[in-house]
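[1] Would you be able to build a 3D model of this:
(one chain, ligands or ions: 2)
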Amino acid sequence: MHMGKLLKKKDKTLSAIRQAKRYAFLSSLGILSPASGRCLICGDERASLMWGGLCEKCSVNIIPNAGSTCEKCGRQLIAEEKYCETCRERERCFDRAYSCFVYEGAARQLVTRFKYGKAPYIARQMAEDMANLYIEADLSCSVIVPSPSSLERIKERGYDHIAVLSEILSKYIRIPVVYGAVVKKKENKSQAGLKGREREENVQGVYAKGENWERLRGAYVLIVDDVLTTGATASAIAEIAKKCGAKGVKVLTFASTRYSGVHSGGEREEL
Ligand SMILES: [Zn+2]
Ligand SMILES: [Zn+2]
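    Numbers count the residues shown, from 1 in each chain. Ligands and ions are numbered 1, 2, ... in the order given. Below you'll find the model as predicted:
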């Protein structure tokens, strides 16, 4: 690679790390906090007993990711099966993925507000739920690797939402966040709107070892992301983490799509 290009790439990675640290600092000061006690979706003042972040009305629409779930990617299944079709047919580089809610209804509204609504404070409630699942499922990891976002999208949003989420989660579960170990080496199209195979092709060659890669040698990595759809992104990041020498790689997301074979990356959608 041309030297100038290489330096530019390094600059980009460093600025992403700096930005993530800045937001971590802001969040630790409580600057990202909204007025408390209000529903994170509609703003109603009454909080629900069912789910801390929402009012009675909105909490009816949050669906726990429970019942029959894929034993690899963790997505909710429609039938009593061990694995979803995607995990049966394709190699997954992570050991196991877990998520708190089904990516529908209130969980979907929350993620949308968190990502596009200049509402980084939603991360607090999301991280709390993720921490509870981390403890309940006994994930026992040693470092968090945030799913890297593209710099362009970070600029659009005004914050690296996954870094914010990871930092708060890190405080709950007391393991450090490692930036710059797995990095985006090229920009790709947004995964939204792409189907199973397209999603896999779209993440191919996108991630690479960054200058902090040695921090993952011998580590038990927890990849953190907001949503798991087909698991293509998580698998691509896990592949790099394992190349860095990680001993194990688990994935924790706030929500995941329900596996139906039609919308969720199964073969049938490609017919
Ligand atoms: Zn509400
Ligand atoms: Zn699966």
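[2] For residue 254, give me its contacts.
    Taking CB atoms under 8 Å, 6 or more residues apart in numbering, we find residue 254 in contact with 99, 100, 101, 107, 110, 111, 126, 129, 130, 165, 226, 227. For every residue, glycine as well, the C-beta is placed using N, CA and C.
[3] is it true that the last one touches residue 252?
    Right, the one you point to is residue 227. No - Residue 227 is beyond contact range of residue 252, at 11.5 Å (criterion: CB atoms under 8 Å).
[4] Have a look at the two and say which one is more surrounded.
    residue 252 (28 against 20; other CB atoms under 10 Å).
[5] For that one, report the pLDDT, please.
    Looking at residue 252, its pLDDT stands at 98.
[6] And residue 72, how far from residue 108?
    Separation of residue 72 from residue 108 (CB to CB, to the nearest Å) stands at 23 Å.
[7] In the stretch 151-271 of the chain, what residue spans correspond to helices?
    In the stretch 151-271 of the chain, helices defined by DSSP state H, counting those that start in this stretch lie at 151-157, 161-173, 196-203, 232-243, listed in chain order.
[8] Take the contacts of residue 254 and keep only those in strands.
    Applying DSSP state E to these, the entries found in strands are 99, 100, 101, 226, 227.
[9] Flag every residue of the stretch 51-200 of the chain that's near ligand 1.
    55, 58 (CB under 5 Å from the ion).
[10] who touches both of residue 227 and residue 252?
    residue 99.
[11] quick one: which of the helices of the stretch 151-271 of the chain is nearest ligand 2?
    Of all these, it is helix 232-243 that lies closest to ligand 2, at 10.6 Å by CB to the ion.
[12] for the closest one, packing partners?
    strand 182-184, helix 196-203, strand 207-209, strand 220-228, strand 248-256 (3 or more CB pairs under 8 Å, 6 or more residues apart in numbering; DSSP states H and E).
[13] what does the average pLDDT come to for the fourth one?
    This points to strand 220-228. For strand 220-228, the per-residue pLDDT averages 97.
[14] That strand and ligand 2 in contact?
    No - judged by CB under 5 Å from the ion, strand 220-228 makes no contact with ligand 2; its nearest approach is 9.4 Å.
[15] Which neighbouring elements make contact with that strand?
    strand 96-102, helix 105-116, helix 122-136, strand 143-146, helix 161-173, helix 232-243, strand 248-256.
[16] Buried residues, the longest one. List them.
    What that stands for is helix 122-136. For helix 122-136, the neighbour count (16 or more other CB atoms under 10 Å) marks 122, 123, 124, 125, 126, 127, 128, 129, 130, 131, 133, 134 as buried.
[17] Over to the last one?
    When burial is assessed from 16+ other CB under 10 Å, strand 248-256 yields the following buried residues: 248, 249, 250, 251, 252, 253, 254, 255, 256.
[18] And the last one, how far from residue 100?
    As defined by CB to CB, residue 256 lies at a distance of 9 Å from residue 100.
[19] Need the residues touching each of the two.
    residue 65.
[20] where's residue 181 relative to residue 143, distance?
    Distance, residue 181 to residue 143, by CB to CB: 8 Å.
[21] what is in contact with the two at once?
    Common contact partners of residue 181 and residue 143 (CB under 8 Å, 6+ apart): 215, 216.
[22] Those two - which one has more neighbours?
    Using other CB under 10 Å as the criterion, residue 181 and residue 143 rank with residue 181 on top: 25 against 18.
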